[in-house]
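S.K.: no sequence on this one, just coordinates:
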């Protein structure tokens with residue numbers, strides 16, 4: 001009987017249509033709405049509106065993210081070994097996606113029902129635990145299905161690029177434009193401006209809209225991938241019981257090739273999380289953007305990320321994956337270090353204005369935006385690239401063993417990403433508190449505002465530099481993956 005690896009060698013995979021990939025990628029839109037919704041506005045809502053200390057928020061979000069990470073390997077093993085009328089992935093994608101949309105709404109509504117800090121903390125913790133469990137049920141089999149939809153080396157990068165492109169386009173609509181749709185500034189009786197992010201009702205309006213949108217995207221994704229809901233009950237699972245799960249995890253966690261990718265991903269995610277969480281405070285406190293300016297700048301980060309993701313397959317085709325990673329790292333680093341040099345070095349103030357021919361140009365804003373966008377443009381290359389790389393490693397394992405373990409590899413990959421996020425959230429909450437930001441206060445000291453800016457500009461590049469060292473000896477390239485090169 002011909003093994004899966006031999007079949008792959010004798011019958012090279014065909015290029016998958018863009019329409020099919022886009023249909024699959026709609027599921028990523030639902031993930032974007034929920035996860036980016038928390039990332040974009042969760043820390044602001046819990047600290048500035050509900051009055052929960054940033055350190056406690058960091059603990060709650062860190063614990064729930066760690067829970068999400070721990071459950072991923074279990075979910076990966078389950079989906080690989082599931083035999084049902086609708087296949088090994090489809091049932092979990094359907095169940096997880098539907099409950100995710102509903103639980104996301106509760107995440108914003110329920111904490112506001114409590115008054116004491118301890119009650120708010122436990123409510124934030126528990127509601128986020130539910131959301132994160134749904135993310136595990138949905139994302140792990142969803143990611144593994146992507147590996148199977150596009151089994152070819154370069155095509156994998158194209159699928160992940162389109163997937164993360166859509167992630168950021170949805171984030172642009174429901175994240176960046178949220179500033180104008182839900183958080184318009186208001187005028188106080190004395191004429192002063194009141195920031196729209198300080199009103200609890202605005203967050204509830206946002207939660208309602210985003211939950212409905214996430215639900216619709218899940219349903220559209222389910223419809224688009226229905227052809228993959230194939231009866232696999234006649235196929236025997238590769239393992240059963242705790243000992244089999246343990247052996248599978250040991251095999252993956254001792255896979256040398258996988259650890260190059262895991263380390264690269266973990267450091268990249270940690271760098272991005274630091275910037276993503278703290279940059280919102282930079283928008284509100286340091287740059288003091290209006291709602292429109294927040295939309296333009298924040299939206300530009302998402303467009304930049306999306307462009308980077310969309311360029312991925314072209315870069316991989318021309319430079320292969322390792323060199324493409326270097327390109328992404330340097331783009332991000334140049335942008336963020338540029339911000340540090342311009343603003344933290346005293347060269348320019350955030351509200352600086354240049355008068356040219358009797359026209360005032362907000363030069364501070366004009367320089368901040370493109371440099372900030374560079375950071376996220378480089379990151380847009382790194383995340384989908386790492387996802388395509390772990391699919392390559394999973395294929396290498398299949399060639400060695402003859403057993404498909406895409407779900408388990410996707411799960412451990414997700415575990416690493418979420419563990420990095422958990423550590424990052426815990427550290428971010430502590431750093432924001434260390435910077436001197438006072439929860440529930442409308443005014444912050446100039447020192448705390450400056451500290452927040454420095455942390456945003458410095459943290460990402462410092463961490464990303466380690467990625468270059470990690471990738472130096474990573475051996476997998478197109479030649480390595482070509483049929484007959486490995487057995």
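M.R.: The structure has been received and is ready for your questions. The structure displayed is predicted, hence computed values, not measured ones.

S.K.: next, residue 221: phi, psi?
M.R.: When read as degrees, to the nearest 10, the backbone of residue 221 gives phi -60, psi -50.

S.K.: and residue 233, by the same measure?
M.R.: The main-chain torsion angles of residue 233 are listed as degrees, to the nearest 10 and equal phi -70, psi -20.

S.K.: what stretches of this protein score poorly on pLDDT?
M.R.: For the chain, applying pLDDT under 70 flags the ranges 1-13, 236-240, 345-346, 439-442, 483-487.

S.K.: longest helix of it?
M.R.: Among the elements of type helix in the chain, defined by DSSP state H, the one spanning the most residues is helix 363-401.

S.K.: right, and the helix or strand after it?
M.R.: Using DSSP states H and E, the helix or strand that follows helix 363-401 in sequence is helix 406-435.

S.K.: what angle do the longest helix of the chain and helix 406-435 make?
M.R.: Angle of helix 363-401 versus helix 406-435, following axes from the mean of the first three to the mean of the last three CA atoms, to 10 degrees, is 150 degrees.

S.K.: which neighbouring elements make contact with helix 363-401?
M.R.: In this structure, helix 363-401 packs against helix 4-10, helix 117-149, helix 153-171, helix 256-281, helix 291-310, helix 312-339, helix 406-435, helix 478-481, with contacts taken as 3 or more CB pairs under 8 Å, 6 or more residues apart in numbering; DSSP states H and E. In short, each C-beta sits where N, CA and C put it, glycine included.

S.K.: right, so of these, which gets closest to residue 227?
M.R.: Nearest to residue 227, of all the helices and strands packed on helix 363-401, is helix 117-149, at 10.1 Å by CB to CB.

S.K.: chain center to that closest one, what's the gap?
M.R.: Computed by CA atoms, centre = their mean, to the nearest Å, the chain-centroid distance of helix 117-149 equals 13 Å.

S.K.: thinking again about what came up before, want to throw the helices and strands packed on helix 363-401 into CSV with mean neighbour count and distance to residue 242?
M.R.: CSV is the format used below for the helices and strands packed on helix 363-401 (neighbours: other CB atoms under 10 Å; distance: least, CB to CB, whole Å):
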stretch, mean neighbour count, distance to residue 242
helix 4-10, 14, 26
helix 117-149, 22, 19
helix 153-171, 25, 32
helix 256-281, 23, 22
helix 291-310, 22, 38
helix 312-339, 20, 35
helix 406-435, 24, 15
helix 478-481, 14, 33
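
S.K.: out of those, nearest to residue 27?
M.R.: When the helices and strands packed on helix 363-401 are compared for distance to residue 27 using CB to CB, the nearest one is helix 117-149, at 5.4 Å.

S.K.: tell me what angle the closest one forms with helix 406-435.
M.R.: Comparing the axes of helix 117-149 and helix 406-435 via the same axes, to 10 degrees yields an angle of 150 degrees.

S.K.: what would the helices and strands packed on helix 363-401 look like in JSON lines with distance to residue 53?
M.R.: JSON lines is the format used below for those (distance: least, CB to CB, whole Å):
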{"stretch": "helix 4-10", "distance to residue 53": "52"}
{"stretch": "helix 117-149", "distance to residue 53": "7"}
{"stretch": "helix 153-171", "distance to residue 53": "27"}
{"stretch": "helix 256-281", "distance to residue 53": "14"}
{"stretch": "helix 291-310", "distance to residue 53": "24"}
{"stretch": "helix 312-339", "distance to residue 53": "28"}
{"stretch": "helix 406-435", "distance to residue 53": "7"}
{"stretch": "helix 478-481", "distance to residue 53": "49"}
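
S.K.: which one of the ones you listed lies closest to residue 71?
M.R.: Nearest to residue 71, of all the helices and strands packed on helix 363-401, is helix 117-149, at 4.6 Å by CB to CB.

S.K.: which elements pack onto the closest one?
M.R.: Secondary-structure packing of helix 117-149 (3+ CB pairs under 8 Å, 6+ apart): helix 18-31, helix 54-81, helix 90-109, helix 153-171, helix 363-401, helix 406-435.

S.K.: tell me which residues of the first one are tucked away?
M.R.: With burial defined by 16 or more other CB atoms under 10 Å, the residues of helix 18-31 counted as buried are 20, 21, 23, 24, 25, 26, 27, 28, 29, 30, 31.

S.K.: closest one to residue 68 among the helices and strands packed on helix 363-401?
M.R.: Between residue 68 and the helices and strands packed on helix 363-401, the shortest separation by CB to CB is 3.7 Å, and it involves helix 117-149.

S.K.: hang on, residue 184 in a strand?
M.R.: No - membership of residue 184 in a strand is not supported by DSSP: H, G, I helix; E, B strand; the rest coil, which gives coil.

S.K.: double-check it against residue 197; I have them as touching.
M.R.: No - here residue 184 lies out of contact with residue 197, judged by CB atoms under 8 Å, at a distance of 10.2 Å.

S.K.: higher neighbour count, these two?
M.R.: Each of residue 184 and residue 197 had its neighbours counted (other CB atoms under 10 Å), and the higher figure belongs to residue 197 (22 against 14).

S.K.: that one contacts residue 183, correct?
M.R.: Yes - the pair residue 197 / residue 183 is scored as a contact, 5.1 Å apart, by CB under 8 Å.

S.K.: list residues touching both of those two?
M.R.: Any residue near both residue 197 and residue 183 by CB atoms under 8 Å, 6 or more residues apart in numbering counts here, and not one turns up.

S.K.: so how far is the helix or strand harbouring residue 250 from its chain's centroid?
M.R.: Following DSSP H and E, the helix or strand that holds residue 250 is helix 241-253. Average the C-alpha atoms of helix 241-253, do the same for its chain, and the two points are 27 Å apart (CA atoms, centre = their mean).

S.K.: what does stretch 214-227 give?
M.R.: In terms of CA atoms, centre = their mean, the gap separating the centre of stretch 214-227 from the centre of its chain is 20 Å.

S.K.: where's residue 300 relative to residue 308, distance?
M.R.: In this structure, residue 300 and residue 308 are 12 Å apart, going by CB to CB, to the nearest Å.

S.K.: and the longest helix of the chain, which residues are buried?
M.R.: By neighbour count, with 16+ other CB under 10 Å as the criterion, the buried positions of helix 363-401 are 363-365, 367-369, 371-399.

S.K.: list the contacts for residue 93?
M.R.: 27, 138, 141, 142, 145, 221, 222, 225.

S.K.: my guess is the second one meets residue 97, correct?
M.R.: Yes - Residue 138 sits in contact with residue 97 when judged by CB under 8 Å, with a separation of 4.9 Å.

S.K.: mind listing the shared neighbours of these two?
M.R.: Counting by CB under 8 Å, 6+ apart, the shared contacts of residue 138 and residue 97 are 27, 30.

S.K.: next, the closest residue to residue 233 other than its chain neighbours: secondary structure please.
M.R.: Excluding its sequence neighbours, the residue lying closest to residue 233 (CB to CB, 6 or more residues apart in numbering) is residue 83, at 4.9 Å. Per three-state DSSP, the local secondary structure of residue 83 is coil.

S.K.: same check on residue 151?
M.R.: Following three-state DSSP, the label given to residue 151 is coil.
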